[in-house]
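J.: Let me see the structure of the following:
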Amino acid sequence: MTTTDDTTPEDRTTALTGHAGALAVAVARAHGVETMFTLSGAHVFPMYDGAVTADPPMRLLDVRHEQTAAFAAEATGKLTRVPGLAVLTAGPGVTNGVSAIAQAQFAGSPMVVVGGRAPANRWGSGSLQELDQPPIIAPVAKLARTLHTAGDVLPGLDAAFLAARSAHRGPAFVDIPMDELFNTASGPAPGAPVPARIEPDPDALTEVAELLSSAARPVLVLGTDVWADGAEQAALRFAEETGMPTITNGMGRGVLPAGHPLLVTKARGAAFNGSDLVVVVGTPLDFRLGYGVFGGKDGASPAQVVHLADSPGQVSGHADLAGSACGDLTWVLDGVLAAFQDLVRRPDWSGWLADLQDRVAAASARDAALLAAEADPIHPARIYGELVPRLAEDAVVIGDGGDFVSFAGKFVEPRRPGGWLDPGPYGCLGAGLGSAIAARVARPSAQVVLLLGDGAAGFSLMDVDTLVRHRLPVVMVVGNNSAWALEKGPMQMLYGYDVAADLAHRTSYDGVVRALGGAGETVTDPGGIGPALDRAFAADVPYLVNVITDVEAAYPRATFGI
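T.: Now for the predicted structure:
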């Protein structure tokens with residue numbers, strides 16, 4: 001690729017000339033991309049050449065299954081708040097990435113997927129993997145289109161990155177015909193424009209502040225978009241200066257660090273059932289939040305609900321809202337706070353907070369027995385009793401599983417924001433290895449811990465090979481109860497029996513990791529969990545601790561997501 005300067009006094013611009021793959025890499029780099037996640041395919045060879053010959057070269061990280069490349073890009077978007085980049089070969093390469101693209105759409109993760117496409121000069125004649133891919137992707141992406149010529153690549157890919165980065169964030173997809181990807185084009189160098197910030201309606205902010213002033217028992221909920229929008233400091237400021245009891249979910253976890261006096265997640269049920277106003281920030285009013293209905297039991301009136309979102313399309317359309325506002329979440333939170341502080345009446349919530357703090361303390365006392373359980377087979381909670389004290393402040397904890405990861409949500413509380421990854425509301429298994437790869441690349445000095453149910457492990461464990469080849473040490477912990485526990489219990493409840501819910505007894509998942517070049521061990525005694533974790537953290541290779549757990553120790557679930 002060559003660079004030339006147009007030095008006319010009126011408009012100084014830099015022009016790029018090169019094959020379309022090199023131009024695509026230039027656009028990605030301008031938007032902050034440092035790593036290309038991929039699995040080799042001839043349809044996208046020019047993208048690899050563009051990465052290798054860039055100055056400096058762009059990191060190429062190749063995986064064993066395209067789903068892993070796409071999940072790694074999705075997790076990169078979550079962790080860094082810069083769109084992750086996955087480059088997938090045509091046909092099955094692209095369709096293998098659809099679940100990760102859908103997860104990004106549901107979770108608001110910024111990512112760009114570049115797909116290979118059968119050559120334009122052979123279109124319609126049945127060339128290898130000829131498939132019109134954008135119509136498949138369009139329902140689960142912000143943007144899905146074909147860049148038909150090499151000349152379309154600079155502006156088209158720039159638009160894709162801008163879409164992915166703009167609130168509400170999400171995935172963008174483009175594919176490029178193979179012959180055009182090899183062709184040469186010229187155009188202005190991308191400048192990585194900053195997405196416009198959405199300004200909230202000041203009247204709406206004032207209305208929310210007035211609702212707060214009249215509340216006796218408010219609760220604040222902070223979700224993933226607080227982190228994605230860079231509003232974690234504003235959210236902490238809002239919570240502390242109002243004194244509102246706070247519950248976190250998704251990547252909102254850690255905005256109030258573990259142990260913060262306002263953090264009442266452990267008293268979630270009492271907080272929601274007893275509240276008269278719930279302010280939900282940066283997360284949808286979906287099944288995880290009772291579809292936006294809080295309280296209302298035993299004849300009591302349901303709580304009023306306020307929804308604060310990063311963009312108009314994210315404000316709930318199904319819930320009965322007392323107030324709402326949308327826009328850049330720092331501006332929204334600071335605006336509500338300023339309006340609240342201007343009010344004459346400042347309510348006293350200290351009694352309400354103290355009650356919830358007492359409930360948090362009682363829940364923590366109850367949890368202590370499970371976290372130290374000596375049960376045989378091992379209770380899953382005992383794993384977290386050993387793991388949590390060993391987590392560093394900068395740890396990135398990734399959940400990929402059902403019941404086992406539900407226990408993680410209960411017991412693992414991050415000490416800083418941006419340290420928790422889960423699939424989000426899409427609930428997709430198989431994201432774990434891709435997320436672990438992304439976390440190790442994005443946070444090279446941090447602890448990275450991947451929590452796998454034994455069912456989830458079957459989706460992606462082969463990509464331990466990727467960890468080994470690229471020298472990416474990760475600690476993996478499998479809660480191995482030899483079952484699809486999230487389905488086994490409910491099916492028994494409904495029918496009195498279960499089918500298609502059992503897995504092979506005590507599978508040696510650590511043996512799989514050793515065969516791929518990593519290390520690991522199986523633990524059957526609760527006293528052995530801690531020492532095994534110590535060995536895992538000390539190892540400089542991917543290490544899997546395979547803990548045999550009790551299938552009867554199911555997570556006490558209040559909802560099945562329907």
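J.: And the next helix or strand past the helix or strand hosting Val332?
T.: Following DSSP states H and E, the helix or strand that holds Val332 is helix 329-342. Following helix 329-342 in sequence order, the next helix or strand is helix 350-371 (DSSP H and E).
J.: And that following helix, what's buried?
T.: Neighbour counts over helix 350-371 (16 or more other Cβ atoms under 10 Å) mark 352-353, 355-357, 359-360, 363, 367, 370-371 as buried. From N, CA and C alone the C-beta is placed, and that goes for glycine too.
J.: Check what contacts it and list those residues.
T.: By Cβ atoms under 8 Å, 6 or more residues apart in numbering, the surrounding residues in contact with helix 350-371 are 216-218, 243, 245, 261-264, 266-267, 270-271, 274, 379, 381-382, 384-385, 388, 410-411.
J.: beta partners of the closest residue to Leu421 other than its chain neighbours?
T.: Closest residue in space to Leu421, ignoring its immediate chain neighbours: Ile398 at 4.5 Å, by Cβ to Cβ, 6 or more residues apart in numbering. Per DSSP bridges, the residues bridged to Ile398 are Leu421, Leu450.
J.: For Leu143, list the residues it contacts.
T.: Counting by Cβ under 8 Å, 6+ apart, Leu143 has contacts 159-160, 163-164, 172-174.
J.: if we go to 6 Å?
T.: Contacts for Leu143 (Cβ atoms under 6 Å, 6 or more residues apart in numbering) come out as 160, 163, 172.
J.: same check, this time on Gly434
T.: Gly434 neighbours (Cβ under 6 Å, 6+ apart): 68, 71-72.
J.: Using ChimeraX, define a selection of the buried residues within those.
T.: The buried residues among these can be selected in ChimeraX (16+ other Cβ under 10 Å) with this line:
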select :68,71,72
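J.: Can you show me the strands along the stretch 51-200 of the chain?
T.: In the stretch 51-200 of the chain, the strands defined using DSSP state E, counting those that start in this stretch lie at 59-62, 84-88, 111-117, 143-146, 171-177, 184-188.
J.: Output the contacting helices and strands for the third one.
T.: For strand 111-117, the packing partners by 3 or more Cβ pairs under 6 Å, 6 or more residues apart in numbering; DSSP states H and E come out as helix 66-80, strand 84-88, helix 153-165, strand 171-177.
J.: Just the buried positions in stretch 502-513, please.
T.: 503, 507-510, 512-513.
J.: So which of these sit within helices?
T.: 509-510, 512-513 (DSSP state H).
J.: could I get these as TSV with distance to Ala104 and pLDDT?
T.: Output for these, formatted as TSV (distance: Cβ to Cβ, whole Å; pLDDT from 0 to 100):
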residue	distance to Ala104	pLDDT
Tyr509	27	97
Asp510	31	98
Val512	28	98
Val513	27	98
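J.: for these, which one is nearest Gly528?
T.: Asp510 (12.8 Å; Cβ to Cβ).
J.: wouldn't that closest one be in contact with Val523 here?
T.: No - counting by Cβ atoms under 6 Å, Asp510 stays clear of Val523, with 9.2 Å between them.
J.: so the nearest residue to Met476 once chain neighbours are set aside, which of the three states?
T.: Distance criterion Cβ to Cβ, 6+ apart; nearest residue to Met476, sequence neighbours excluded, is Leu544 at 4.2 Å. At Leu544 the chain is in strand, as set by DSSP: H, G, I helix; E, B strand; the rest coil.
J.: ok, back up a step: mind checking the helices and strands packed on strand 111-117 for the one nearest to His19?
T.: Here helix 153-165 is closest among these (Cβ to Cβ), at 9.4 Å.
J.: Leu222: what's it in contact with?
T.: Leu222 touches 235, 248, 252, 255, 281, counting by Cβ under 6 Å, 6+ apart.
J.: What count of nearby residues applies to the first one?
T.: Counted with other Cβ atoms under 10 Å, residues neighbouring Ala235 total 28.
J.: what helix or strand is it on?
T.: helix 232-242.
J.: Quick check, Thr549 in contact with Ala483.
T.: No - at 9.8 Å, Thr549 does not count as touching Ala483 under the criterion of Cβ under 6 Å.
J.: Neighbour count for those two, which is higher?
T.: Thr549 (29 against 23).
J.: what bridges to that one?
T.: Ile378.
J.: so what's it up against?
T.: 378, 380, 479, 481.
J.: hang on, the last one packs against Val551?
T.: Okay, so that is Asn481. Yes - Asn481 is within contact range of Val551, at 4.1 Å (criterion: Cβ under 6 Å).
J.: out of those two, which sits in the busier spot?
T.: Shown here are Asn481 and Val551; by other Cβ under 10 Å, Asn481 has more neighbours (27 against 19).
J.: how about low-confidence regions in this protein?
T.: Scanning the chain with the threshold set as pLDDT under 70 gives 1, 3-13, 192, 557-562.
J.: returning to that earlier point: which among the strands of the stretch 51-200 of the chain is found nearest to Met462?
T.: Nearest to Met462, of these and by Cβ to Cβ, is strand 59-62 at 13.3 Å.
J.: Show me where the stretch 351-500 of the chain has its helices.
T.: Using DSSP state H, counting those that start in this stretch, the helices found in the stretch 351-500 of the chain span residues 380-387, 403-411, 432-442, 454-460, 464-469, 485-495.
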